[in-house]
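*Asks:* A structural model of the following input is requested.
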Amino acid sequence: MSLISSQFGVDSESVWNLFSGIGRAVLGRNGKYNFNRSYSQYNSQTILIDTTWSQLMLVAQNVPHLNTILSEGAKMFSQAEIKHVDKDGNEIENSDVIKLLRKPNVLQSQAGWLYDFYIMNGIYNTAFEYKNYGRKKEYRGADLPSALWWLPSGNVKINRTDKLPYRQVSIEGIIESYQMSLDPEPFYPDEILLFTEGISNNGVIALTRIEAMQVPLSNIMAALKSKNIILTERGLIGFISPSPSKDDYGAQPMKDPERKRIEEQYQKNYSLDNERGHVTFASQPIQWNPMTFDMGQLKLPEGLEDDFALLCGAWGIHRNIFPVSHTMSAGMTTGNEIDASLRWTYQNTMQPLLNKLLEKQSEDFGLTARGEKLIGDYQWLACMKNDELKEAQAEVAEVTAQGTFSQTIINMNSAIKAGNMTIEGAIQILVMENEMDEADATVLILNEQQVSDAKLEQQKADQLKADQMQNNLKKVA
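*Replies:* The predicted structure is shown next:
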C-alpha cells in the first residue's frame, strides 16, 4: 500500500505498455499516453510514494514539505520583471508582447501566469502552454495569440507519431496532437508551446523529480504519520489499577454505584474532552499508573530536517529561506542570512529558469528572427539590492580613501615648500605607511613638486601682469 495511493486503480496505459506494439497494432494506438510512470518498491519493507503521472498533483498537495517548497518557489518565480528589447538592448515601449504577458488571459495577471508555469514545471518537469488564437491557423498571420494558458499537465496526454524524434526537424514530425482528459477536441502542435527540462528517456518530455524523491517523500509522510499516531492514538495517558493487597482476603471490589459515581465525577472534573478515553477504572482498591513515551528516541525531527533539505536541493531552493527547526544550528535566522539565501535562490534557480522560458517565448512569438527578445530579472527586489548597496558603500570608501591620500600628498608638498620636510623624507613616509614602491613614491612626489612649481610660477606671472595694468591705469589718470 502506498502512502498516497491512486484513486483510479491500475493505470490503463501501463497495462497497454505490456503489449507494446501488439496493443497499438490491434487497437490503433500511436504512442498515446506514453509517459505514465508507476512507482516501485525497493523491498517489501519500503513503502514508497505513488509517482504515477496522474497522481503527481496529489503528492504535491498532500506532502506538506513538498507543498511548501513548490508554493514558495512559485511565489518567488512569479515576481519577475519582464521587458521587450531590440537588437541593441534598448527597451521597446508599448510592446504588444508585454501587454499580452501583463494580461495573458481573462483570469490571470503576469504573476499568476508565471506562478502556474512554475507549479506545472516543478511537479511534472513538463508544461503545456495553450496559445488561444480564437481562429484557425490560415487566418492568424503573424498575429499574437488572444490568450495564454498553462494547461494542467497531469491531464494532458501526447499523441506521438510513429517516427523517432531524433530524425525530425519539426514538432509536427514528432507530435500529432495533444489531448486533455474530458475534452474530446485535440490541441495541435502549433497551438501548444511544450516546455520540458530535466532527464528524458524519449527526447520529448522529462521525468519528474518527484520520482527520484520517492524515498525522502515517503520518509516524511511516515514520520508525520508516526508522530500523529503517537499524539492522537497512543491510547491511555494512564490507568487506575488495584493497589497491592495487605490482608489475606484481598481487596474488596468497588461497588458498581460507587465506581460509576467516581468515574463520572473524575471525567467531569479532570478530563480534557469529557470522553471516556483518558482514564479507566478497575473494581479493586486502586492506584494511578502514568503512561510515558520518549518521542526523542525516534529522532523524527532530525529525519524530517534531512529529508526536507534533500527536497530543497532537488528544487534548487536554499533551505535557509524557510522557518528554522529546533534541530538546526543557531544563528540561521538573521536578516542577512535570509537575504543571502534568497539571492542565492534567485541567481542560481529562478533566473536560469526564467531565461529558458523567455528565450522559448521569444522564439515562439517571432522576436528572435527580428533580433529582438524578452528579458527578465529580479533586480527590483530588496534582497537583490543589498549587493548594489555593498558595491556603493565600497565605492564611497574607495573614493574617500583616494581623497585622503591626495590630501596627504598635498600636505607633504606644502611641508616641502615651507622647508619642514625634505623630498627624501616624504618618499620614505609613502613607502613605509602606504606600502608603496620607492620608485612610484619618487615619481609621485616629484610630479607633485613639478605641478606645484608650475602653479606658483603661473601665479607670479598673473600677479605681475595685474600690477603692470594697475600702474598703467595710474599713469593715465
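
*Asks:* packing partners for the strand or helix carrying R343?
*Replies:* R343 belongs to helix 335-345 when assigned by DSSP states H and E. Here helix 335-345 touches helix 382-417, going by 3 or more C-beta pairs under 8 Å, 6 or more residues apart in numbering; DSSP states H and E. C-beta here means a position set from N, CA and C on the backbone, and glycine is covered the same way.

*Asks:* so where do the strands sit in the stretch 251-400 of the chain?
*Replies:* Remark: strands assigned in the stretch 251-400 of the chain by DSSP state E, counting those that start in this stretch are 286-290, 373-377.

*Asks:* what mean pLDDT does the first one have?
*Replies:* Right, the one you point to is strand 286-290. Mean pLDDT, strand 286-290: 64.

*Asks:* Count the neighbours of the closest residue to T68 other than its chain neighbours for me.
*Replies:* Nearest residue to T68, sequence neighbours excluded (C-beta to C-beta, 6 or more residues apart in numbering): F322, at 6.8 Å. F322: 16 surrounding residues under other C-beta atoms under 10 Å.

*Asks:* list the contacts for F322?
*Replies:* By C-beta atoms under 8 Å, 6 or more residues apart in numbering, the contact set of F322 is T68, E72, F308, C312.

*Asks:* Which pair of the residues you listed spans the longest distance?
*Replies:* E72 and F308 (12.2 Å; C-beta to C-beta).

*Asks:* which residues touch I175?
*Replies:* Counted by C-beta under 8 Å, 6+ apart, I175 has contacts I158, N159, R160, T161, P189, L194, V204.

*Asks:* The spatially closest residue to it that is not a sequence neighbour and L144, how far apart?
*Replies:* Spatial nearest neighbour of I175, excluding adjacent residues (C-beta to C-beta, 6+ apart): P189 at 5.3 Å. Distance from P189 to L144, counting by C-beta to C-beta, to the nearest Å: 18 Å.

*Asks:* among the contacts of I175, which ones are buried?
*Replies:* I158, N159, R160, P189, L194, V204 (16 or more other C-beta atoms under 10 Å).

*Asks:* Return the member of those residues nearest to K373.
*Replies:* Proximity of the buried ones among the contacts of I175 to K373 (C-beta to C-beta) peaks at L194, which lies at 19.8 Å.

*Asks:* Spell out which helix or strand contains that closest one, please.
*Replies:* strand 192-196.

*Asks:* Quick check: mean pLDDT of that strand?
*Replies:* 92.

*Asks:* which strands and helices sit next to it?
*Replies:* strand 126-132, helix 351-364.

*Asks:* With respect to burial, which of these scores highest?
*Replies:* strand 126-132 (a mean of 21; mean count of other C-beta atoms under 10 Å).

*Asks:* Name the strands paired with that one and say parallel or antiparallel.
*Replies:* In the sheet, strand 126-132 lines up against strand 147-151 (antiparallel), strand 192-196 (antiparallel) (DSSP bridges).

*Asks:* This structure: helices as residue ranges?
*Replies:* Taking DSSP state H as the criterion, the chain carries its helices at 12-27, 56-62, 64-77, 96-102, 110-124, 209-212, 214-232, 256-270, 300-314, 335-345, 351-364, 382-417, 423-433, 438-476.

*Asks:* Show me the contact partners of the second one.
*Replies:* Just to be clear, that refers to helix 56-62. So helix 56-62 is contacted by 4, 7, 49-51, 66-67, 70, 119, 122-124, 152, 154, 208, 210, 217 (C-beta under 8 Å, 6+ apart).

*Asks:* one step back: least reliable of the helices of the chain going by mean pLDDT?
*Replies:* helix 12-27 has the lowest average pLDDT among those, namely a mean of 38.

*Asks:* Model confidence score at the closest residue in space to L217 that isn't next to it in sequence, please.
*Replies:* Distances taken as C-beta to C-beta, 6+ apart place I49 nearest to L217, at 4.5 Å, with adjacent residues excluded. pLDDT for I49: 79.

*Asks:* Next up, phi/psi of I49, please.
*Replies:* Note on I49: its backbone torsions stand at phi -70, psi 140 [degrees, to the nearest 10].

*Asks:* Pretty sure N219 is one of the things it touches, is it not?
*Replies:* No - I49 is not in contact with N219 according to C-beta atoms under 8 Å; the separation is 9.8 Å.

*Asks:* who has more neighbours, these two?
*Replies:* Between I49 and N219, I49 has the larger neighbour count (other C-beta under 10 Å), namely 28 against 21.

*Asks:* Quick one: residues contacting L367.
*Replies:* L367 neighbours (C-beta under 8 Å, 6+ apart): H84, V97, K373, L374.
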